[in-house]
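> Here is my input; please provide its structure:
(chains A and B)
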Amino acid sequence: MSRIPTSALIGLVFTSAYFLAALFAPLIAPYELGAIVGDVWEPMSSEHWLGTDGIGRDLLSRMIHGGRTTIFVASAATILSFTLGSTLALTAVVVGGWVDMLLSRFIDLIMSIPTLIFSLVVLSVVPVTLPVLILVMGLLDTTRVYRLARAVAQDVNVMDYVEAARLRGEGTRWIVFREILPNTLSPLVAELGLRFIFMVLFVSTLSFLGLGIQPPAADWGGIVKENKEGIVYGIPAALVPAFAIASLAISVNLVADWVLSRTTSLKGGR
Amino acid sequence: MTDLLNVRNLKIGAHVVPPQGKPFDIEIVHGVSFDLAKGRVLGLIGESGAGKSTIGLSALAYGRGGVEITGGEVSINGRDILKGSVGDLRKLRGHEVTYVSQSAAASFNPSKRLMDQVVETCVRHKLCSRSEAEARAVTLFEKLGLPDPKNIGSRYPHQVSGGQLQRVMTAMALCPQPDLVIFDEPTTALDVTTQIDVLAAIKDAIHDTGVAALYITHDLAVVAQVSDEIMVLQHGNTVEHGETDQIINRPKEDYTRALVSVRSIEHEEKAPTDAPVLKIENICARYPGLSADVVKNIDVELHAGQTLAVVGESGSGKSTLARVITGLLPPHTGQVIFDGRPLSAELAVRTKEDLRELQMIYQMADVAMNPRQTVAGIIGRPLEFYFGLKGAARDKRVNELLEEIELGPEFRDRYPAELSGGQKQRVCIARALAAKPKLIICDEVTSALDPLVADGILKLLLNLQKIEGVSFLFITHDLATVKAISDSIAVMYQGEVVRYGAKSKVLAPPFDDYTDLLLSSVPEMKLGWLEDVLAHRKMESAGN
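Below you'll find the predicted structure:
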């Protein structure tokens, strides 16, 4: 392990803080998720570090619990979209011909429908549970990952070493996972950081619109929604989740950048 | 001082920033000195990494890609240009000193007409009026033997051939009437038959204009034709510096001697056997969507333990022939008979045994190996795939193969990026050998390598042929390589085999026109070779 640059260190500290808080939310949060412990919109104090919300619940506790939901949903959807998207894309490139044509045109078809409207339609028909939410978000984002992975994989697919593997008689699975995938990782990792944040924003948007995480469960988008009236009276409660999303976005991408610089090194830097 | 260029104790360094770890400084050129008088041509020669281009560019006080001149003196017409300001340098560059780069195709702006680019320096430097500059350019085009010199300037770079573009670039460099021109590998990217014309044009132009030149190349035979003196470089040091005649005929240093005697591998031609290992019968193939055949009516055979060389210029269809044999491009007529049995045309339906016995080595070893796999992984995979070797047995065989290619087990855990060009090619050879093939197709395997390294690879291949009895189908454009290793030769021209037979027969007169042209275009390590060839050709064309 060589020295970690400062920027990556900052990113790592913040990212792990968010993820640890999400993991151990029930242990860390000072109050229960739904417990009413104070007055309406109390300012920050030693008792309530971030103040209280519209019906007197501790905002810090809700942020920690909400972060758990947000980060879990976003991570699960990102993992789903990347696994599915890159596997499909690489297979399409390696197999080629009508398989590639069929898959790519189908993906184009899905992409032509605005993501938000598509998901609103789907989520208003089926019951909104966590698995459904993850599945919808993950599948919709698969199209974006597919597009990127296919473009990158096409460049790798024409390299002599892939041809050498074909001449050796290797199967599709070996070519996809051993020859092409390791060489497409760099752009995919860069995209992973970005996509994760889009997912956080996506689930927050859905919750804000009332089609994401359902009360009494909390998530960052839901917290903004519950406290948006406060802004008129100069209450900053709705801005807290916004700040959390922004700082998570930056720190995750600092880490992704660092991983990227390590994976681009071809001299055995892993 | 009568010298045009004085270089004293020149030191050039670079600041290296590796992806991990601390940045550090390295020295590329360690104190090189030389002088160049007006109108003389100095050849700088060395392998890649010897610092020859870096030294050449120092005459422009320029360092490419993070390279910096760290010490010494470079004076042109008595002025130390390293001490000059940016404004002084601007006056120097493109006026007193000009530059001709290796890849003309990459150096021209594709969206501007040739004439605009040729006269640009003159006009920018206000050396003469535009019409005067254009008149000069036309004279130069004529002198350089470009077709239709009056109108060629109105064409775009993609509308002329590679050899012509290189000549236009030479005209561009000569147009401001400089004192010194730096030629940086101007003919390296060209086919031999084109190279000879460009070489002759450059030589005449240098002679007629009386300009001095630094001629940078890795090919000693080429530089011997154009330069008055030669400086041999290795690892940023001068090995030997002398008159061309002395360097070529009486080299003093061992390294120079090695360079001069390169391509002197002796290879006894073997007699054909009864059963050819590969028989290509009447093959015609075309790429999907094209209406013309890329290879036409190919009929050749290759015997066990022997080498068939397929020679031709770029675009002659030799690599396409390799694709047909490997099954990547099914032919529309004819068949390939391998070891007595017909090979399926399509790669997908070939048996594993067929695939194992027919291996391939590529031109660019860089892209022929997965950069994410270690040497042991690359060589070990065919062992596992074809023979099911695992664990210790596989490791043992990998080590044996590494010994066979003269690298040794310490290379096991390296990644391709950690190997030199020659080492990479050796690993590719080991990967092909691991499959215990009957036939290996070598597609220009030495073209991207320095002459001495290429020599090593050829010797290794010949040695392996002796031990393993493997046959080679050797695709190349380099006739010196062909002479060195082949038992039989097929000369290809525009998709057809124009001459085929045993080496001694193919390389002995009477020649057909194309083979004659090809053979006589290969530079020889001999003073005055260029003039002899051109005089000979002139005589022949006068005779016709």
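
> C-alpha only now, for contacts and for neighbours.
Fine.

> list the buried ones in stretch B:200-220?
B:200-206, B:210-220 (16 or more other Cα atoms under 10 Å in any protein chain shown).

> Tell me which of these fall in helices.
B:200-206, B:220 (DSSP state H).

> Can you name the two of those residues that sit furthest apart?
Largest separation among these by Cα to Cα: B:205 and B:220, giving 20.5 Å.

> ok, which stretches of the stretch 151-300 of chain B are strands?
Counting by DSSP state E, counting those that start in this stretch, the stretch 151-300 of chain B has these strands, from start to end: B:180-184, B:212-217, B:229-234, B:237-243, B:276-285, B:295-303.

> For residue A:206, which of those strands is the nearest?
So among the strands of the stretch 151-300 of chain B, strand B:276-285 is nearest, using Cα to Cα, at 57.6 Å.

> and that closest one, how far out from the chain's middle?
On the basis of Cα atoms, centre = their mean, to the nearest Å, strand B:276-285 sits 29 Å off its chain's mean C-alpha point.

> Against which helices or strands is it packed?
strand B:295-303, strand B:333-338 (3 or more Cα pairs under 8 Å, 6 or more residues apart in numbering or on different chains; DSSP states H and E).

> Now mean pLDDT too, for these, in a markdown table please.
Converted to a markdown table, these look like this (pLDDT from 0 to 100):
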| stretch | mean pLDDT |
| --- | --- |
| strand B:295-303 | 89 |
| strand B:333-338 | 90 |
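
> Return the most buried member of these.
strand B:295-303 (a mean of 22; mean count of other Cα atoms under 10 Å in any protein chain shown).

> What is the subsequent helix or strand relative to that strand?
Using DSSP states H and E, the helix or strand that follows strand B:295-303 in sequence is strand B:307-311.

> Just give the nearest non-adjacent residue to the residue nearest the centre of chain A, would you?
The structure's chain A has its C-alpha centroid closest to residue A:196; by Cα atoms, centre = their mean the separation is 2.3 Å. Nearest non-adjacent residue to residue A:196, counting by Cα to Cα, 6 or more residues apart in numbering or on different chains: residue A:78, 5.8 Å away.

> so what does the strand or helix carrying residue B:480 touch, helix or strand wise?
Using DSSP H and E, residue B:480 maps to helix B:479-485. Applying 3+ Cα pairs under 8 Å, 6+ apart, we find helix B:479-485 packed against strand B:307-311, helix B:451-468.

> As TSV, the ones you listed with distance to chain A and mean neighbour count would be great.
Shown next, in TSV, are the helices and strands packed on helix B:479-485 (distance: least, Cα to the nearest Cα, whole Å; neighbours: other Cα atoms under 10 Å in any protein chain shown):
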stretch	distance to chain A	mean neighbour count
strand B:307-311	21	27
helix B:451-468	19	17
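
> Tell me, please, where in chain A the pLDDT is lower than the cut-off.
A:1-2, A:264-270 (pLDDT under 70).

> and residue B:174, how many neighbours does it have?
27 (other Cα atoms under 10 Å in any protein chain shown).

> Spit out the contact partners of it.
Shown in contact with residue B:174 (Cα atoms under 8 Å, 6 or more residues apart in numbering or on different chains): B:98, B:140, B:181.
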